[in-house]
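> Can you look at this prediction? I've put the sequence above it.
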There are 2 protein chains.
Amino acid sequence: MATMNDVAREAGVSLSTVSYVLSGKRTISEETRLAVQSAIRKLDYSPHSGARALASNRSNVLGLMAPLRADVNVSVIMQFVAAVVTTARTYNQDVLLLTQDDAGGLERVTSQSMVDGLLMMDIEARDPRIPLLAKLRKPAVLIGLPDDPQGLSCVDFDFAGASRTAVRHLVDLNHRSIGFIGSPQASLERHATYADRARKGFTEACEAAGVGSVLRACEASMAALTEALTAVLDDDGAATAVTALVVHNEGLLPLLHEALAGRGLHIPEDISVVVIAPEDVALAAARPWTAVSIPAHDIGRAAVEMVMDRLNSDKPVEVRLIVPTLVQRETSSAR
Amino acid sequence: MATMNDVAREAGVSLSTVSYVLSGKRTISEETRLAVQSAIRKLDYSPHSGARALASNRSNVLGLMAPLRADVNVSVIMQFVAAVVTTARTYNQDVLLLTQDDAGGLERVTSQSMVDGLLMMDIEARDPRIPLLAKLRKPAVLIGLPDDPQGLSCVDFDFAGASRTAVRHLVDLNHRSIGFIGSPQASLERHATYADRARKGFTEACEAAGVGSVLRACEASMAALTEALTAVLDDDGAATAVTALVVHNEGLLPLLHEALAGRGLHIPEDISVVVIAPEDVALAAARPWTAVSIPAHDIGRAAVEMVMDRLNSDKPVEVRLIVPTLVQRETSSAR
DNA sequence: CTGTTAGCGCTTTCAT
DNA sequence: ATGAAAGCGCTAACAG
């Protein structure tokens, strides 16, 4: 492996000139720049990241703590991760992967100066990792919205707004009683904030619009779905029968059409459906769903942008909510 | 941040002594070891990874190139990745994540000495990244089995053996004609080797046993599944009707029970089903599947062990196939 | 616009 | 069993 010294000798310039050509931190004459660049190519030089990290206090690596368990949301998680890695590369950063349960990893990678900043996914309402993160003196961004961010930047999809948007859409279509089928009970119990917020937004929007509402958590299985549908559609307490559903559970979508057909219900004639899901999941069905799409890619990108902003220009801490948009397709209609 | 120098001063020993206490590369008296260790704790010292990498030519980081697209196999991929990260930590290594399409990333992270070794998932039969990898002078392990490993280590599940095991199980149960529902056509066209090998093993085993066989690729949708079932179960060319299925497609499992019920078929009375899938996926169904389980965790672990072996003790390159085992549950029975 | 030089924090010979 | 000192390859302050 060629070193910077080799390049300097080859180009007939000094070590520091090579360094400055690479960093662009001072003006270099066209002539020497070209000489250096050709020497770099000739020797197939590339900088040693360890040496650079040692001298500059920058590793050009971001730490990403991701939930790698087999969850309902695997596909969403993958999209986040892909977006983070891709965006990081545009900032010339690489991504070091930490698993959710390796709480000590946060401390380790920062104290060893392995990373310049940290991203943490799947934040719970009172996530115990937040105080840890807040102590470390590295920029960090939470992907999710905890009760108390403790001075950390956050970015997330506006799940409450997503539910509201879905409800308003259905109310505009004259539905007077709407069901909500959400994340599994386990997610609620962990206080995964997306689950809580989507429910809350739904309830509020229904109340505001004066329409009936029924909520159910649901596992990703046909049995659970059937049961949930029964509970929602046959709800005795409701003044009017439920004629529309908001579904916030990616795992159920492949099953939903069948399950409703099993009850003799056609979409959208008998029942309208709006899903809250990543775009590609909403489009994967034979009949694409009317959807408020979860822009996993945008969120991941925003998260990286936010750490990099704090890193490069110490912009202030911010809490950013990504605005939902609804795309109507053929699974919702007026009644 | 405390440095090694600070620790040496605090402990009243020399810099190198601290280093040797940390590395264990020479014998240290109990007394000084304790002094150093307490100084380390007192100052909350941790070594600077960049400095260490510079001086030792080891980064303690493994590169993992993973497919982060929204594929049918997301859950399997996640399990691999989780296994790799977890196992890497037991070797005191961290994991740098590269995306599949970032072919230049392989070159970059090695030439910058960011990683000590590389793992590459989702290998295709003639994967163009293999010659690249083979050129880099770093230990590498392919997770998958290409036509020509070009001197690289490989580890994979024995998908052909998995199909054979499934077929033999069904043959033992007196089934005389077996259907195979496999990965989407797209996977075959990419020559994802797992898809090819599973099909090949199936065909061979059926021939060897003298039983009928019908194969179909299938997307993860109800429509595609229905069509595939029709093609397989109503196959005119077959001497005997298909009475059992081998399914190698995780995405179909939530739909399969419904789809068969739709044809008036009960499992296992009318039709036996054996799936090739990760254990947790096979168990997720209301009625757990008889399964040849894909031990994603074992494969990921083996991959890390293999790079670390090459790194620490330059063991020879090896090709390791993980042996399949079948667990009978209630979805297969004798006829 | 360019060169010289002092570290960055660690590993590892060489000496004792 | 321990210490002294020479790098590892780079960045950035200082000097011109």
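Cool, the structure landed.
> Just give me the neighbour total for residue A:164.
22 (other C-beta atoms under 10 Å in any protein chain shown). C-beta here means a position set from N, CA and C on the backbone, and glycine is covered the same way.
> Quick check: phi and psi at it.
phi -60, psi -40 (degrees, to the nearest 10).
> Over to residue A:120?
Dihedral angles (degrees, to the nearest 10) for residue A:120: phi -130, psi 120.
> try the one 10 residues further on
Listed backbone geometry of residue A:130 is phi -60, psi -50, with angles given as degrees, to the nearest 10.
> Equivalent analysis for residue A:218, please.
Per degrees, to the nearest 10, the backbone of residue A:218 is at phi -160, psi 130.
> so what's it up against?
Residue A:218 is in contact with A:181-184, A:224-225, A:228, A:249, A:252, counting by C-beta atoms under 8 Å, 6 or more residues apart in numbering or on different chains.
> who's in contact with the lowest-mean-pLDDT helix or strand in chain A?
Every helix and strand of chain A was ranked by mean pLDDT, DSSP states H and E. The lowest is helix A:185-190, at a mean of 82. If you take C-beta under 8 Å, 6+ apart as the criterion, helix A:185-190 is touched by A:72, A:124, A:182, A:194-196, A:199, A:217, A:219.
> Show me the shaky parts of chain A.
Along chain A, segments meeting pLDDT under 70 span A:236-238.
> ok so, going back, in PDB, could you pull the C-alpha coordinates for the least confident helix or strand of chain A?
Provided in PDB are the C-alpha atoms of helix A:185-190 (Å, rounded to 0.1, in the frame of the first residue of the first chain):
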ATOM      1  CA  GLN A 185     -50.300  -5.800  21.400                       C
ATOM      2  CA  ALA A 186     -46.600  -6.500  22.000                       C
ATOM      3  CA  SER A 187     -45.600  -3.300  20.300                       C
ATOM      4  CA  LEU A 188     -48.000  -1.300  22.400                       C
ATOM      5  CA  GLU A 189     -46.700  -2.800  25.500                       C
ATOM      6  CA  ARG A 190     -43.200  -1.900  24.600                       C
END
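> need the next SSE after that helix, C-terminal direction.
helix A:193-209 (DSSP states H and E).
> Quick one: distance of that following helix to the chain centre.
20 Å (C-alpha atoms, centre = their mean, to the nearest Å).
> So which elements touch whichever strand or helix holds residue A:110?
Assessed by DSSP H and E, residue A:110 sits inside helix A:103-111. Applying 3 or more C-beta pairs under 8 Å, 6 or more residues apart in numbering or on different chains; DSSP states H and E, we find helix A:103-111 packed against strand A:61-66, strand A:94-99, strand A:117-120, helix A:129-135.
> Show me what the longest one is packed against.
Contacting helix A:129-135 under the criterion 3+ C-beta pairs under 8 Å, 6+ apart are the following elements: helix A:103-111, strand A:117-120, strand A:140-143.
> want to try JSON lines for those, with distance to DNA strand C and mean neighbour count as columns?
Listed next are these as JSON lines, based on distance: least, C-beta to the nearest atom of the strand, whole Å; neighbours: other C-beta atoms under 10 Å in any protein chain shown:
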{"stretch": "helix A:103-111", "distance to DNA strand C": "10", "mean neighbour count": "19"}
{"stretch": "strand A:117-120", "distance to DNA strand C": "19", "mean neighbour count": "26"}
{"stretch": "strand A:140-143", "distance to DNA strand C": "22", "mean neighbour count": "28"}
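> Which element, helix or strand, includes the closest residue to DNA strand D within the stretch 201-335 of chain A?
Proximity of the stretch 201-335 of chain A to DNA strand D (C-beta to the nearest atom of the strand) peaks at residue A:312, 12.4 Å away. According to DSSP H and E, residue A:312 maps onto helix A:296-313.
> Report the distance from that helix to the chain centre.
11 Å.
> and the angle for it with strand A:61-66?
On the basis of axes from the mean of the first three to the mean of the last three C-alpha atoms, to 10 degrees, helix A:296-313 is oriented at 140 degrees to strand A:61-66.
> Which strands or helices does helix A:296-313 pack on?
helix A:74-90, strand A:117-120, strand A:140-143, strand A:153-157, strand A:319-322.
> Go through these and name the closest to residue B:203.
helix A:74-90 (31.2 Å; C-beta to C-beta).
> for that closest one, which positions count as buried?
A:74-89 (16 or more other C-beta atoms under 10 Å in any protein chain shown).
> Repeat that for stretch A:281-290.
Under the neighbour-count criterion of 16+ other C-beta under 10 Å, stretch A:281-290 has A:281-282, A:284-285, A:289-290 buried.
> How about stretch A:309-329?
Result for stretch A:309-329 [16+ other C-beta under 10 Å]: buried residues A:309-311, A:320-322, A:324, A:326, A:329.
> what's the most distant pair in the residues you listed?
The widest separation within these (C-beta to C-beta) is 40.4 Å, between A:311 and A:329.
> chain center to the helix holding residue A:110, what's the gap?
Worked out by C-alpha atoms, centre = their mean, helix A:103-111 lies 22 Å from the chain centre.
> Convert the C-alpha atoms of it to PDB, please.
The C-alpha trace of helix A:103-111 is given here as PDB (Å, rounded to 0.1, in the frame of the first residue of the first chain):
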ATOM      1  CA  ALA A 103     -26.400  -1.200  25.000                       C
ATOM      2  CA  GLY A 104     -22.800  -1.100  25.900                       C
ATOM      3  CA  GLY A 105     -22.000  -0.800  22.200                       C
ATOM      4  CA  LEU A 106     -23.000   2.900  22.200                       C
ATOM      5  CA  GLU A 107     -20.400   3.700  24.900                       C
ATOM      6  CA  ARG A 108     -17.800   1.500  23.400                       C
ATOM      7  CA  VAL A 109     -17.800   2.900  19.900                       C
ATOM      8  CA  THR A 110     -17.900   6.400  21.100                       C
ATOM      9  CA  SER A 111     -15.200   6.100  23.700                       C
END
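> Let me know the closest of the contacts of residue A:218 to residue A:139.
Out of the contacts of residue A:218, the member with the shortest distance to residue A:139 (by C-beta to C-beta) is residue A:183, at 30.0 Å.
> Can you tell me the number of residues neighbouring the closest one?
Neighbour tally, residue A:183, other C-beta under 10 Å: 26.
> what's the distance between the residue lying closest to residue A:26 once chain neighbours are set aside and residue A:28?
Nearest residue to residue A:26 in three dimensions, chain neighbours excluded: residue A:20, at 4.8 Å (C-beta to C-beta, 6 or more residues apart in numbering or on different chains). According to C-beta to C-beta, to the nearest Å, residue A:20 and residue A:28 sit 6 Å apart.
> what do you get for residue A:323?
Taken as C-beta to C-beta, the span from residue A:323 to residue A:28 is 44 Å.
> Repeat that for residue A:15.
From residue A:15 to residue A:28 the distance is 14 Å (C-beta to C-beta).
> the more surrounded of these two?
Taking neighbours as other C-beta under 10 Å, residue A:15 and residue A:28 compare with residue A:28 leading, 17 against 13.
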